[in-house]
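A.B. asks: compute the structure for the input listed below.
(4 chains, ligands or ions: 4)
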Amino acid sequence: MTTSAHTTISNIKTNLQVFLISVATITVAFSILGLFLVVFVNLNSFLTTWSKQVQLIVYLKDDISQNQRQGLEQLISANSDVESMTFIPRETAWANFKNTFSSNKSDFIDDLTFNPLPSSYNLKFKPSNDRFIKIHRFADLLKGRKGVESLEYGEKWLGAFEKFMLFIRIFLLAVGGLLTLGLILIISNTIKLSFYSRQEEIELMLLIGATPNFIRVPFMMEGMLQGLLGGIFALALIKFLQLYVKIQFQGSLESIARGMEFQFISQPFIFGLLASSVLIGWVGSFISIRQFLSPAHKK
Amino acid sequence: MTTSAHTTISNIKTNLQVFLISVATITVAFSILGLFLVVFVNLNSFLTTWSKQVQLIVYLKDDISQNQRQGLEQLISANSDVESMTFIPRETAWANFKNTFSSNKSDFIDDLTFNPLPSSYNLKFKPSNDRFIKIHRFADLLKGRKGVESLEYGEKWLGAFEKFMLFIRIFLLAVGGLLTLGLILIISNTIKLSFYSRQEEIELMLLIGATPNFIRVPFMMEGMLQGLLGGIFALALIKFLQLYVKIQFQGSLESIARGMEFQFISQPFIFGLLASSVLIGWVGSFISIRQFLSPAHKK
Amino acid sequence: MIQLFNVRKSYGGVAPALLDITFSVKKGEFIFLTGPSGAGKTTLLKILYRTEKYDRGQVLVHGMNIGKIPDRKLYTLRREIGFVFQDYKLLAKKSVFENVAFAQEVIGADKKRIRFKTWEALKNVGLTHKKDSYPPELSGGEQQRVAIARALVNSPKIILADEPTGNLDPEISLEILKLFEHAKKRGVTVVFATHDQEMIRSRKHRVVVIKRGKLVAP
Amino acid sequence: MIQLFNVRKSYGGVAPALLDITFSVKKGEFIFLTGPSGAGKTTLLKILYRTEKYDRGQVLVHGMNIGKIPDRKLYTLRREIGFVFQDYKLLAKKSVFENVAFAQEVIGADKKRIRFKTWEALKNVGLTHKKDSYPPELSGGEQQRVAIARALVNSPKIILADEPTGNLDPEISLEILKLFEHAKKRGVTVVFATHDQEMIRSRKHRVVVIKRGKLVAP
Ligand SMILES: Nc1ncnc2c1ncn2[C@@H]1O[C@H](COP(=O)(O)OP(=O)(O)OP(=O)(O)O)[C@@H](O)[C@H]1O
Ligand SMILES: Nc1ncnc2c1ncn2[C@@H]1O[C@H](COP(=O)(O)OP(=O)(O)OP(=O)(O)O)[C@@H](O)[C@H]1O
Ligand SMILES: [Mg+2]
Ligand SMILES: [Mg+2]
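C.D. replies: Ligands and ions are numbered 1, 2, ... in the order given. Have a look, this model is predicted:
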């Protein structure tokens, strides 16, 4: 064990340049992947927060019958996409309306002595990717029902915005997939190339009577160290960027983050990144070293 | 020239694996950068479209004097951030209001026979990163003015949304910067490593009487070819992703894209990407070859 | 003790590199292996070291049938043998001292012993003054002597030397030869491949000659 | 015509590798360069080829002061000289034929001529049957002969051969020697570094001996 650690260190010293190149590559790779994850997670939570506000409001006719209301309620409860249903009597609606308008425009509404607003059901839908489509479809279904005066589902921008976010989400996923694929390619190449620079040494070790483990262990340790260092530097870089963003955009950030948690570097994120960097280093060196130790390998 | 092309091809054949690894790396690198650009450009244009809708509405008191109005107008024209100013007389406002409300709620408003709404100035602001802050500041300035009843600037979400987009924009820029830096590192490493695998050959050529150009030209051609192939494959990949997204999300896409052009692969984008891939290949090989040809290079 | 029975080896070319070779070297014997360029000397030595496989026949080293040793156990064979490679196989990134010490590290020798043995081996080939140089900074003959020092440092029971004096002047060649003969006196089996007819004539060791892959009378 | 005046070269070690070397080789002359391992033979040849610089003195090759040639013009010097490297310097990824052809491509020879000359050069060293092999598949002596073929293929005006027969048997060595002597007859200047005293004694060429970087009487 001590010998292996010793060999690892002297190996690294001898091929310092290749080692540093590998670490730098892994650092960049993980920084990008990490930042990407950060953007994705936050965009996602942003979307979730916003999309909770999308409701389908079913306005009822003033002369709706008890029967018609029961039919409507049954229909709504039968839809498994609906998360909750709130009945808002016309009195409450009128109070809300007055509240909204009297505050910042004029007070002509206060002068009204009758209530012109209808009762309504406010439906919240479960979060899902095609929620907006589902809401739309359900609204079409309800439109024709007797006793329903009209339907409203959020401001128009909210639907468009949700669709846009869905699109962005899929786009980011695609980019993320490609990125991960690329990272694996780049890291495995780096490790393979770092092994090419050692090919002579490994072959000589085999020639002069080293056991396979004697050869394998220091290389794996080096691979893991490489991965770990890359992971740590990547984390440091992300942290640095976080601090920068915080200092530069303190104000803006706070007003956006209100009611919404920005997840920059969470505990599981750190552990996940470090673990996968070590893992990638290990797997990379394992694969490469197998190539050299296998009897099929041409001298 | 023919000899150089010939040498280039035979060079590539001899080191096919390293060549392919380089092309693959460049492909992934440019795909990511390209997709990134696509996301950024579209997000940006989306932001621009949305933010055009942010206005500062200045409601005027019914008893505003001619003097006060002139003062206000002067103040507004003096602000260089204001793009346009529209005066909306109370009659127009009332017509708009009736229009909005009579359509989907009840028709009690039609029963009203007097006009309770004020006149207003609608101010559009020039697009800029801290536009929202500027609007806010200007609003504070106007609030105390005589003749101003109240101020409104967009729905609250629009401000928050714009801030969020600003934040995302900066975030994307940071990631993009890191990405570009990483790409340069990775590509120059790949090319350097591909040169390491040729070091012996280059040194031998120098030893047996090749002119510097004889050595340089095929390597530069190879570097450029590498870059070009990487660029082409990256474009193909992006195009493929575009098609996939189109097929999968035809519907959603159309409804979002309404009134807004999605710029996937534009002519300048293609040319820019290809040109920079060739350039990177050229610069990469130029730097590496200089290292080997310089007299300072240790044998 | 090395025994070969009807060993044949072909690299896939028109003529096989070795053709039904049968001979044996007794424990503690010193033999010269000679023959024209391309005769198969290196091939023969490589087979004994199991860096090449043979197509047919039997090879016993210390009674072990080396064709039966699994790849992961090859190190047991190689630890018995000191091999001087015709192309030296020195590591350019390690100093002379490290190159020789490396052979001992690889078999797990302990540190103090490594220092002492390395120094001794370098002294034997007259290279202590170059111990901190790197192989590319050495003359051809100096590199060859490092390769010899590395092969001898672990006191192997068998020494296979592939033209170990090809780049050495006659004086140093003689000293190296004496080094091998000294090992022989300690009971080491030595196979010494060489083109140097003068050297062969001047000593009284058995000579094995191969030509185009076949044993011939000397 | 090669002239050296008081050439001194130190690699930074305790003793300089070359110490005030003065001698000249006439056009069309054949000389043996000999001396013990590490004496400075390779260093001397490398200086003539400008792969090493010298610290002091003057070196003229065909009247050119080679110390004054700028790096980007070095190829003009090297095209005059065929160099047989002590460590061969063959490209492992090119076949024997390609290795020899490469030396001609590099100086821009035309295709048809390349085929013919390569074939001829390989015939001279007796390796036409190995033309499609790769260097790692060759015996030590075969590799050495490829290196010789490559050095001679461009019909250089000067040949610098660094122990070109170290891995060859006496018969082939003699043939190679004759090849160089044949070149000499065509007016080529030959410097032939070797340890082979038998070979030196058997021919009547001038012998230059260096020991520890100094010229000594043969
Ligand atoms: N890996 C290989 N692949 C194909 N052919 C090979 C290989 N190694 C050796 N040969 C051929 O086998 C024959 C014998 O080679 P070997 O190296 O054993 O000769 P040798 O007696 O050591 O010669 P030398 O004195 O020149 O070193 C040669 O013709 C050589 O070209
Ligand atoms: N690049 C270098 N850096 C440092 N020292 C060197 C370098 N090249 C050679 N030397 C030293 O210079 C001395 C002369 O070396 P050179 O290669 O000229 O010897 P040589 O006469 O060719 O010997 P051989 O017959 O063994 O090839 C040696 O002691 C060698 O160690
Ligand atoms: Mg051999
Ligand atoms: Mg030498």
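A.B. asks: OK, contacts around residue 141?
C.D. replies: Because you didn't say which chain, this covers chain A. Taking Cβ atoms under 8 Å, 6 or more residues apart in numbering or on different chains as the definition of contact, the neighbours of A:L141 are A:L75. Quick note: C-beta positions are derived from backbone N, CA and C, even for glycine.
A.B. asks: wait, I meant chain C there
C.D. replies: Counting by Cβ under 8 Å, 6+ apart, C:G141 makes contact with C:167-169, C:172, D:36-38.
A.B. asks: among the residues you listed, which are in helices?
C.D. replies: Secondary structure assignment (DSSP state H) places C:I172 from the contacts of C:G141 within helices.
A.B. asks: closest to B:S128 among the contacts of C:G141?
C.D. replies: Proximity of those to B:S128 was ranked by Cβ to Cβ; the top entry is D:G38 with 75.3 Å.
A.B. asks: can I get the contacts of C:G141 in JSON lines including pLDDT?
C.D. replies: Supplementary listing: the contacts of C:G141 in JSON lines, determined by pLDDT from 0 to 100:
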{"residue": "C:N167", "pLDDT": "90"}
{"residue": "C:L168", "pLDDT": "93"}
{"residue": "C:D169", "pLDDT": "93"}
{"residue": "C:I172", "pLDDT": "92"}
{"residue": "D:P36", "pLDDT": "94"}
{"residue": "D:S37", "pLDDT": "92"}
{"residue": "D:G38", "pLDDT": "92"}
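A.B. asks: distance of the residue nearest to A:S65 when sequence neighbours are not counted from A:T92?
C.D. replies: Closest residue to A:S65 in three dimensions, ignoring its sequence neighbours and counting by Cβ to Cβ, 6 or more residues apart in numbering or on different chains: A:G147, at 6.7 Å. Relative to A:T92, A:G147 is positioned 19 Å away (Cβ to Cβ, to the nearest Å).
A.B. asks: more neighbours: these two, which one.
C.D. replies: A:G147 (17 against 14; other Cβ atoms under 10 Å in any protein chain shown).
A.B. asks: hmm, A:Y59 and the more buried one touching each other?
C.D. replies: No - at 10.1 Å, A:G147 and A:Y59 do not qualify as touching, with contact defined as Cβ atoms under 8 Å.
A.B. asks: now chain C, which segments are flagged as low pLDDT?
C.D. replies: Counting by pLDDT under 70, chain C contains no low-confidence residues.
A.B. asks: tell me the SS of the nearest residue to C:L177 once chain neighbours are set aside?
C.D. replies: Distances taken as Cβ to Cβ, 6+ apart put C:M199 closest to C:L177, at 6.5 Å, once the chain neighbours are dropped. Of the three states, C:M199 takes helix under DSSP: H, G, I helix; E, B strand; the rest coil.
A.B. asks: cool, C:V208 as well?
C.D. replies: Under three-state DSSP, C:V208 comes out as strand.
A.B. asks: one step back: distance of the residue nearest to A:S65 relative to A:Y121?
C.D. replies: In this structure, A:G147 lies at 11 Å from A:Y121, with Cβ to Cβ as the measure.
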